[in-house]
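1. Quick one: sequence and predicted model below, then my questions.
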Amino acid sequence: MKKTISSLLFLCGIFVFSQEKVKNDTIDETKTAEIQEVILKSQRKKQFADKSVYTFDKEALDKARYAKDLIQTLPELQLDPISNTLKSTKGGTTLFLINGIEATDMQMRSVAPSEVVKVEYYDIPPARWATRADVVVNLITRSTETGYVFGTDVSSALNTGFVNGTAYANYTKGKNNLGLEYSLNFRDYDNRKVNSIYDYYLNSTHYRSDEDKTDHFGYTSQNVALRYTRMVPDNYAFQAKMDVDIFSSFVKGIGQSIFTKDNLSEEHAMLKNGSSNYTIPKLDLYFSKNIGKKDEFSINIVGSTFKTNTVEFAKKWIISSGDSVFDNDMNLQTKQTGIVGELAHVHTFEAGKLSSGYRVSNTNISNDLQNLAGFSEYNVNYLEQYFYTEFSGKVDKFSYRIGAGLTNIHNKSAENTFDQWSFTPKVILGYQLKDNQSLRFTSSYRPVSPWSAALSSNIVQMAPNIVQKGNPFLKSQQMFANNFIYSFNNKKFDFNANVFYRYTDRTINQYYVLDQDFGYALTYENAKNSQQFGVQLSGFYKPFGNSLLVAKLYLTPATETIRTSSGALIKNNYLANNLVLSSEYKSFSIQYQLNIPVYTLNGAFLSTNENQNHAFASYKNKEWTFMAGMYWIGMPSEYKTKSLPESLVNYSRVNQIMNNKSMFVLGFSYDFSKGKKTELQKKLNNYTAPAATF
């Protein structure tokens, strides 16, 4: 509660800055008038081969508090009330930009609706973002003037540890801009119930462990960012950004289990305590220069260095005798340094635009590890290089984007060195059937590097005779993806049907293997291949042609298969789904979200996605907005996992967080602006690797 109260008091503070009215527009009066005419008198969607472009009518602009509200109305985006951030209804990674620069949630809030020119929605990301995101949303705003904006947003549950909060401020004077942001996500749940079952045969003996555990767990995630921008229109732009991610988590669990060996059974007691923390300072430098009217060069450098501490202690003992079953004491300390550099060039021809670039990222991790295998020190290094070029253009009703890339993955550990060059082509073709109908086809091929936990040499005890470990000898995956998309939109409908097929060679797969030291080990392999195919149906329906009632629906009937290294075929069918109902009337808005969780393949297991049954409402009065909601109505958040029939260990797990069952949340936001602010039109966006944990 002390943490919660302190966080609320901190976030309620208001940033105040002085103002000087010095105009610094880069759009002349004629162009501005044309843009305003489009925005105020029409609402439309224009479809290109790789993106959709949305503009907004006067009604939408009047109702919105800030640009984030406008982006939320896009047919394949929704507000996640748990994190208070926007995400794609299709899942995957969504990258948000403002005039080409990677933007935080607070930056989207700091843009007034009247400043929005249009929104570019890339469901097929351009080459420079293709390896980082599944969807890219680029908010295009008007040019800049002197002014300041500030605001805060706080929401909290009344009966459990749940707090989201943000505060931001921007001040612009002439060609210079200074921005400051702070965000907080705080969770403290003391009633998580976990049931786990391990059932297996080892040396012709049948073992079964049935565990019931209650956890007290939580985390605190904070981010502080300071930005300085200097922009000289039609000449150059410079930005220096310093931000710090501060993260800490903990878990304290106790429980009991019934351990069966053939016909003999024992009652075991157990405890599991763990914690992890890191502070990541990052420096992001960006510079772009216009050469003439047709060429632009950009350079971006991002660097970070930090330490991560991860501690886990788990033990299990026989209740009747007190004899130890196992003691797992793991202490992992890592020193991590990451740097990303990118150089890009854009040349504009009459027939289209040519974009080329080179990006290199290097992550070095030094590990001091104490675990079941003893103490070890080892270093790993992940190097990736990416050369790309692509040309986009349009001829009558045909639009196209043709690109080619060359990717080098060089992973080096104490046990293994993996080095591979891959050719990564991409073809996107579009054809406009009518003004509101289009067909698109896309085909691409790219490598996917293993993640740090999969490559780790760490060993963790999960249950009697069961451990988990990584595989330093993993190779990269090779993904071949194809999509055929039909789009239709009018005043009431915005609909997309995507027939997709994905083939992945050397799929990274998690599975159980016999281990001579511990019994069974859950580890990783490069399976032969995997396939996924189906149809994605997504969009919205407005029965009255406005925001009085909007229904967003996402349905994906699909089939996925994995061919393991031993030749076994694993198959799973599912129907992914998501429903959002919303209504806006004057200053009031309500929203309801629902899904039916489905099992999808996740390594050696089938796992469900997070369940949704949320309702929330808000009321806007000038700069103030008040919100109330109930999340997971009538149910706790629930996560289920079960092993596949082919698995050597029959495993199942049901995880329920009882604290957030029918969780009632209240919140408010205050957003104020005077004058306009500077938004840098940055063309390169990078970040260093996340913290390496296991």
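-> On my side now, so go ahead. This one's a predicted model, so the numbers in the text were calculated from it and none came from an experiment.
2. Spatially central residue for this structure, please.
-> residue 93 (4.2 Å; C-alpha atoms, centre = their mean).
3. From residue 620, how far off is that residue?
-> For residue 93, the distance to residue 620 equals 30 Å [C-beta to C-beta, to the nearest Å]. (Each C-beta comes from the backbone N, C-alpha and C, glycine too.)
4. hang on, the earlier thing: what helix or strand is the closest residue to the residue nearest to the centre of the chain other than its chain neighbours on?
-> Once flanking residues are discounted, residue 93 sits nearest to residue 133: 4.7 Å by C-beta to C-beta, 6 or more residues apart in numbering. Per DSSP states H and E: residue 133 is located in neither a helix nor a strand.
5. Which residues are in contact with residue 133?
-> Under the criterion of C-beta atoms under 8 Å, 6 or more residues apart in numbering, the neighbours of residue 133 are 92-95, 125.
6. Among those, the buried ones, what's the PyMOL command?
-> Per 16 or more other C-beta atoms under 10 Å, the buried members of those correspond to this PyMOL selection:
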select buried, resi 94+95+125
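7. Need the contacts of residue 133 in TSV (columns: distance to residue 660 and secondary structure).
-> Listed next are these as TSV, based on distance: C-beta to C-beta, whole Å; DSSP: H, G, I helix; E, B strand; the rest coil:
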residue	distance to residue 660	secondary structure
92	24	coil
93	24	coil
94	24	strand
95	28	strand
125	33	coil
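8. And the contacts of residue 133, which is closest to residue 663?
-> Nearest to residue 663 among these is residue 94, at 24.6 Å by C-beta to C-beta.
9. you'd agree the closest one is up against residue 135?
-> Yes. Under the criterion of C-beta atoms under 8 Å, residue 94 makes contact with residue 135 at 4.6 Å.
10. shared neighbours of those two, anything?
-> residue 88.
11. Can you name the residues bridging to residue 336?
-> Per DSSP bridges, the residues bridged to residue 336 are residue 306, residue 365.
12. ok, it touching residue 309?
-> No. Applying C-beta under 8 Å as the test, residue 336 and residue 309 come out as separate, 11.7 Å apart.
13. Run the chain-centre distance for stretch 401-416.
-> In terms of C-alpha atoms, centre = their mean, to the nearest Å, the centre of stretch 401-416 is found 22 Å from the chain centre.
14. So which bits of that stretch are buried?
-> Quick answer for stretch 401-416 (16+ other C-beta under 10 Å): 401, 403, 405, 407, 409-413.
15. So for that stretch, mean pLDDT?
-> Per-residue pLDDT over stretch 401-416 has a mean of 88.
16. Same question for stretch 235-247.
-> Rounded mean pLDDT across stretch 235-247 is 92.
17. Then stretch 456-473?
-> pLDDT averaged over stretch 456-473 gives 87.
18. and if you look at stretch 365-374?
-> On average, stretch 365-374 scores 83.
19. Stretch 659-675 too?
-> Rounded mean pLDDT across stretch 659-675 is 89.
20. do the same with stretch 566-582
-> 94.
21. Any idea how many residues pack against the residue lying closest to residue 513 once chain neighbours are set aside?
-> Closest residue to residue 513 apart from its sequence neighbours, by C-beta to C-beta, 6+ apart: residue 521 at 5.6 Å. Residue 521 has 22 neighbouring residues, counting by other C-beta atoms under 10 Å.
22. quick one: the one helix or strand residue 521 maps to to chain centroid distance?
-> Secondary-structure element containing residue 521, defined by DSSP H and E: strand 519-526. Chain-centre distance of strand 519-526: 27 Å, with C-alpha atoms, centre = their mean.
23. So which elements touch that strand?
-> strand 176-202, strand 466-469, strand 508-515 (3 or more C-beta pairs under 8 Å, 6 or more residues apart in numbering; DSSP states H and E).
24. how does it look with 10 Å?
-> Judged by 3 or more C-beta pairs under 10 Å, 6 or more residues apart in numbering; DSSP states H and E, the packing partners of strand 519-526 are strand 176-202, helix 452-455, strand 459-463, strand 466-469, strand 508-515, strand 649-657.
25. partner strands of the fifth one, parallel or antiparallel?
-> What that stands for is strand 508-515. strand 519-526 (antiparallel).
26. Show me what counts as buried in the very next helix or strand once past the partner strand.
-> Sequence-wise, the next helix or strand downstream of strand 519-526 (DSSP H and E) is strand 529-541. Of all the residues in strand 529-541, those buried under the rule 16+ other C-beta under 10 Å are 529-532, 534, 536, 538-540.
27. Pull the contacting residues for the spatially closest residue to residue 650 that is not a sequence neighbour.
-> Excluding the flanking residues, the one nearest residue 650 by C-beta to C-beta, 6+ apart is residue 199, at 4.0 Å. With contact set as C-beta atoms under 10 Å, 6 or more residues apart in numbering, residue 199 has these partners: 206-210, 260, 643, 649-652.
28. Residue 455 too?
-> 365, 380, 382, 411, 413, 415-416, 418, 449, 470-474, 508, 524, 692.
29. if we can go back for a sec, now the contacts of residue 199: which count as buried?
-> Buried among the contacts of residue 199 (16+ other C-beta under 10 Å): 207-210, 643, 649-652.
30. Out of these, the closest to residue 61 would be?
-> Closest to residue 61, out of all of those and judged by C-beta to C-beta, is residue 652, at 50.8 Å.
31. residue ranges with poor pLDDT in the protein?
-> 1-43, 143-146, 675-694 (pLDDT under 70).
32. Helices of that one, start to end?
-> Secondary structure of the chain (DSSP state H): helices at 2-11, 29-41, 58-63, 67-72, 105-109, 127-130, 452-455.
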